[in-house]
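Chemist: Predicted structure and sequence below. I'll ask about it afterward.
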Number of protein chains: 2
Amino acid sequence: MEKENTYYGVKEIARRANVSIATVDRVLHNRSGVSEKTKKKINDIIKELDYQPNILASRLASKKIISLAVLIPRVSEETDFWEAPMKGISRADSEIKKYGVQVTTFYFDLNDPATFNEQAAAILDGHFKGVLLAPSFIEESRMFVRACREKKVPFVFIDSDVPDEDNLCYIGPHLFQSGYVGAKLSTYRLKEKHKVAVVNISKETDSYNYLQIEEGFRSYFKDRSLPIEIIRIDIKDTDSLSVTRDLTRALHTHEDIEAIFVTNSRVFSVAAFLEKNKRSDISLIGYDYLKENIAYLNKELIDFLICHKPEEQGYRGLMALYQTLVLGAPVEKTHFMPIDIVTKENQAFYQN
Amino acid sequence: MEKENTYYGVKEIARRANVSIATVDRVLHNRSGVSEKTKKKINDIIKELDYQPNILASRLASKKIISLAVLIPRVSEETDFWEAPMKGISRADSEIKKYGVQVTTFYFDLNDPATFNEQAAAILDGHFKGVLLAPSFIEESRMFVRACREKKVPFVFIDSDVPDEDNLCYIGPHLFQSGYVGAKLSTYRLKEKHKVAVVNISKETDSYNYLQIEEGFRSYFKDRSLPIEIIRIDIKDTDSLSVTRDLTRALHTHEDIEAIFVTNSRVFSVAAFLEKNKRSDISLIGYDYLKENIAYLNKELIDFLICHKPEEQGYRGLMALYQTLVLGAPVEKTHFMPIDIVTKENQAFYQN
DNA sequence: TTTGATTTCGGGTACGTACCCGTAAATATA
DNA sequence: TATATTTACGGGTACGTACCCGAAATCAAA
């Protein structure tokens, strides 16, 4: 059994155009040194044959390496969420390494915007051909990507978006809709239909992301005209003691809260609080497939987790850069991740 | 920027062993014509250098093609579920085609086991190097894969499993757990906690698959000691009229059914029935991301759909064969798909 | 028209592996 | 020992593309 020979390569194009392979190659990579006339002739034949370069041969013959930079939060004791995107990034890396792509990862501290700026500066110095980043700090990210744009370095956002910057693409959740789903799940065990709480545990409680999620959350109740009071609880300090203190105060003020929706992965700290205070009557919904969260899911202190395939985000983010820079193929500007619902029952089979 | 030269290829092996590249190649493919002594020497060097063949160069140089067969149900008017796996299969196909893999697909009729046997026979005649199949008919599938095993042709099951056959791998749902999740979702709108129905619409109502799902379903209530009566409704004829007739009878006998769990993708026909009879008070849960099902999900006649990533099943199934036959890499024997929960709110972002 | 500069192009080798073909060495046979 | 066979191995080309280098063709200036 032999390969079918319906494949037309540069050789056939060269033959038909009465030129050498080298000239065809020049046109394909639009390098200089080809007259307009022959360029047109060759381009016509390329179109006619619908020429698809053999990427195997191409990468094999090429000696160039393409270096990409990744800028994401460091995994801390507080949350190991970013392990998952990192895993996806590594997977993509090992897949495309053989095609001459080299990935360098830079980490910043989620509690310190200055570290973001440091690492961003390092990337700008590093002559990278593309950047993948988590724009956790909005303003800092804006500054950085503007510098990238000036250098004509394409960049990809994952996990959260920064609107109106000219990014290559965004890969992450549809935040509004995600909050909407969170609201639906919050009603699962609602009885008296009294009060639900939106808890925001983060230094940046007013970021675009959280506002989007909360808006989606509120819209669900508005759309259904459900007479439910929504209590907003902001917890700026992310350590366990602060969380306990703030929650105690909030639950004291609002005794009849029946459900709590945590807008990020730190839902486990709320679960810990509920466990300590024996408040399994309160329904708890949060984000992300973390070990701690899953543990509380299994203890039935957390009812639902919403996940957005963080590993896939990392994988696809890197692949998007690979596609544009190596394959020269177009990528979609926005790629929304699925809004996955994880419960105690299906968690064992979840693919992060 | 140049590629790092830490890579050792056949050339380096040949140099170190004082032989030619051709001899190294003979050892690598354990072809004949090499003395034991030099074979050992070369093998030692291969191990020492941890030689990884450059798959790009390998496939480029090789003229061999590897042909694979796919055996799945034809898309019928009754259900277009198999469109999704087919899509995944096509995607895998176009990805690996350039590596010299050729895929031929054979379709059978879900209502006629004889067509399965016909197509299976055709595959056995076709000298394929590997087979991907949906074992919809258990006994027929057993016969077929035994013939494959005799011919040393590896085979992969998708969507449902056939226990105790020596398959290369199974890619599909954990059926028991899937039923378990279905049970949980069935309680979402339960009020009086009376009766729930398990509806099985299929020619093969006693197949291994459905039994597994139902067992999972029942286990959920048993595990929680919920005093709920489970009504089993079997509908052997899959046309709309039969479904209407059987459901009418069943709902007449059991007036207080509050939730219906359909064990496969034909849940839309139940939804149609409920819509016609204005029974939106009955909670409905079923399977699969079909256009019709999504329509009823949006009309809120279906509450939840459980999905098992059919497209990915097709993709991964073919890739598993590719991995073993082309790359010679091992694959996991069982790959359970996630048990995805699709609602009206998150359906727009679901990845089938 | 000649010279020189510039543009336009082709030959040829390399990437790492597969595999054909021919031949030297080893072994068997006369 | 000479010859026939077999075994063991090397040379070399091909896969489809990238890209260097040099040369022919074209153009500009004198």
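Modeler: Looks like it came in fine. Numbers count the residues shown, from 1 in each chain, chains lettered A, B, ... in the order given.
Chemist: where exactly do the helices run in chain A?
Modeler: Counting by DSSP state H, chain A has these helices, from start to end: A:10-17, A:21-28, A:36-49, A:55-61, A:83-96, A:113-125, A:138-150, A:175-186, A:208-223, A:240-253, A:267-276, A:291-298, A:310-322.
Chemist: mean pLDDT for the ones you listed: which is lowest?
Modeler: Averaged per stretch, pLDDT over the helices of chain A is lowest on helix A:55-61, reaching a mean of 83.
Chemist: what's the closest residue to DNA strand C within the stretch 201-350 of chain A in contact with, if anything?
Modeler: Across the stretch 201-350 of chain A, the shortest distance to DNA strand C (C-beta to the nearest atom of the strand) belongs to A:Val326, at 15.7 Å. (C-beta placed from N, C-alpha, C; glycine too.) Counting by C-beta atoms under 8 Å, 6 or more residues apart in numbering or on different chains, A:Val326 touches A:Arg59, A:Ile66, A:Ile96, A:Tyr99, A:Gly100, A:Val101.
Chemist: Let me have the helices of chain A in JSON lines, adding distance to DNA strand D and mean neighbour count as columns.
Modeler: As requested, the helices of chain A are arranged in JSON lines below (distance: least, C-beta to the nearest atom of the strand, whole Å; neighbours: other C-beta atoms under 10 Å in any protein chain shown):
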{"stretch": "helix A:10-17", "distance to DNA strand D": "4", "mean neighbour count": "17"}
{"stretch": "helix A:21-28", "distance to DNA strand D": "4", "mean neighbour count": "18"}
{"stretch": "helix A:36-49", "distance to DNA strand D": "10", "mean neighbour count": "14"}
{"stretch": "helix A:55-61", "distance to DNA strand D": "3", "mean neighbour count": "16"}
{"stretch": "helix A:83-96", "distance to DNA strand D": "16", "mean neighbour count": "19"}
{"stretch": "helix A:113-125", "distance to DNA strand D": "24", "mean neighbour count": "17"}
{"stretch": "helix A:138-150", "distance to DNA strand D": "24", "mean neighbour count": "16"}
{"stretch": "helix A:175-186", "distance to DNA strand D": "40", "mean neighbour count": "24"}
{"stretch": "helix A:208-223", "distance to DNA strand D": "40", "mean neighbour count": "19"}
{"stretch": "helix A:240-253", "distance to DNA strand D": "54", "mean neighbour count": "15"}
{"stretch": "helix A:267-276", "distance to DNA strand D": "49", "mean neighbour count": "21"}
{"stretch": "helix A:291-298", "distance to DNA strand D": "45", "mean neighbour count": "18"}
{"stretch": "helix A:310-322", "distance to DNA strand D": "15", "mean neighbour count": "25"}
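Chemist: export the ones you listed to JSON lines and tack on distance to B:Phe81?
Modeler: Conversion of the helices of chain A to JSON lines gives the following (distance: least, C-beta to C-beta, whole Å):
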{"stretch": "helix A:10-17", "distance to B:Phe81": "42"}
{"stretch": "helix A:21-28", "distance to B:Phe81": "42"}
{"stretch": "helix A:36-49", "distance to B:Phe81": "38"}
{"stretch": "helix A:55-61", "distance to B:Phe81": "33"}
{"stretch": "helix A:83-96", "distance to B:Phe81": "29"}
{"stretch": "helix A:113-125", "distance to B:Phe81": "46"}
{"stretch": "helix A:138-150", "distance to B:Phe81": "43"}
{"stretch": "helix A:175-186", "distance to B:Phe81": "25"}
{"stretch": "helix A:208-223", "distance to B:Phe81": "30"}
{"stretch": "helix A:240-253", "distance to B:Phe81": "46"}
{"stretch": "helix A:267-276", "distance to B:Phe81": "35"}
{"stretch": "helix A:291-298", "distance to B:Phe81": "30"}
{"stretch": "helix A:310-322", "distance to B:Phe81": "24"}
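Chemist: Ok, which of those comes nearest B:Tyr220?
Modeler: helix A:291-298 (15.3 Å; C-beta to C-beta).
Chemist: Let me know the angle separating the closest one from helix A:267-276.
Modeler: Between the direction of helix A:291-298 and that of helix A:267-276, the angle (axes from the mean of the first three to the mean of the last three C-alpha atoms, to 10 degrees) works out to 40 degrees.
Chemist: Run through the neighbouring helices and strands of helix A:291-298.
Modeler: Contact analysis of helix A:291-298 by 3 or more C-beta pairs under 8 Å, 6 or more residues apart in numbering or on different chains; DSSP states H and E lists helix A:267-276, strand A:304-307 as its packing neighbours.
Chemist: Briefly note if the last one comes near chain B.
Modeler: No. Strand A:304-307 lies out of reach of chain B by C-beta under 8 Å from any C-beta of the partner chain, never closer than 8.8 Å.
Chemist: Give me the contacts around that strand.
Modeler: Residues outside strand A:304-307 that contact it (C-beta under 8 Å, 6+ apart) are A:178, A:181-182, A:185, A:188, A:267, A:285-289, A:293-294, A:297, A:339-343, A:347, A:350, A:352.
Chemist: can you check the longest one too?
Modeler: Counting by C-beta under 8 Å, 6+ apart, helix A:267-276 makes contact with A:199, A:201, A:238, A:240, A:243-244, A:247-248, A:260, A:262, A:279-280, A:282, A:284-288, A:290, A:292-293, A:295-296, A:299, A:301-302, A:305, all of which sit outside it.
Chemist: now do stretch A:41-55
Modeler: Judged by C-beta under 8 Å, 6+ apart, the contacts made with stretch A:41-55 from elsewhere in the structure are A:7-10, A:12-13, A:16-17, A:19, A:23-24, A:27-28, A:34, A:99, A:327, B:60, B:98.
Chemist: A:Gln119 reaches A:Leu71, doesn't it?
Modeler: Yes. Distance between A:Gln119 and A:Leu71: 5.8 Å, which falls inside the contact criterion (C-beta atoms under 8 Å).
Chemist: hey, what's in contact with both of these two?
Modeler: A shared contact of A:Gln119 and A:Leu71, defined by C-beta under 8 Å, 6+ apart, is any residue touching both; here these are A:Phe106, A:Tyr107, A:Phe108.
Chemist: Just give me the closest of the residues you listed to DNA strand C.
Modeler: For DNA strand C, the closest of the shared contacts of A:Gln119 and A:Leu71 turns out to be A:Phe106, at 29.1 Å, with distances computed as C-beta to the nearest atom of the strand.
Chemist: What is the burial count for that closest one?
Modeler: One way to gauge burial is a neighbour count; for A:Phe106, by other C-beta atoms under 10 Å in any protein chain shown, it gives 21.
Chemist: give the contact list for it.
Modeler: Taking C-beta under 8 Å, 6+ apart, we find A:Phe106 in contact with A:Ala69, A:Val70, A:Leu71, A:Ile72, A:Gln119, A:Ala120, A:Ala122, A:Ile123.
Chemist: Look up the residues forming beta bridges with the third one.
Modeler: So the one you mean is A:Leu71. A:Phe106, A:Leu133 (DSSP bridges).
Chemist: Please tell me how far it sits from DNA strand C.
Modeler: 31 Å (C-beta to the nearest atom of the strand, to the nearest Å).
Chemist: what do you get for the fifth one?
Modeler: For A:Gln119, the distance to DNA strand C under the criterion C-beta to the nearest atom of the strand works out to 33 Å.
Chemist: Good, wrapping up.
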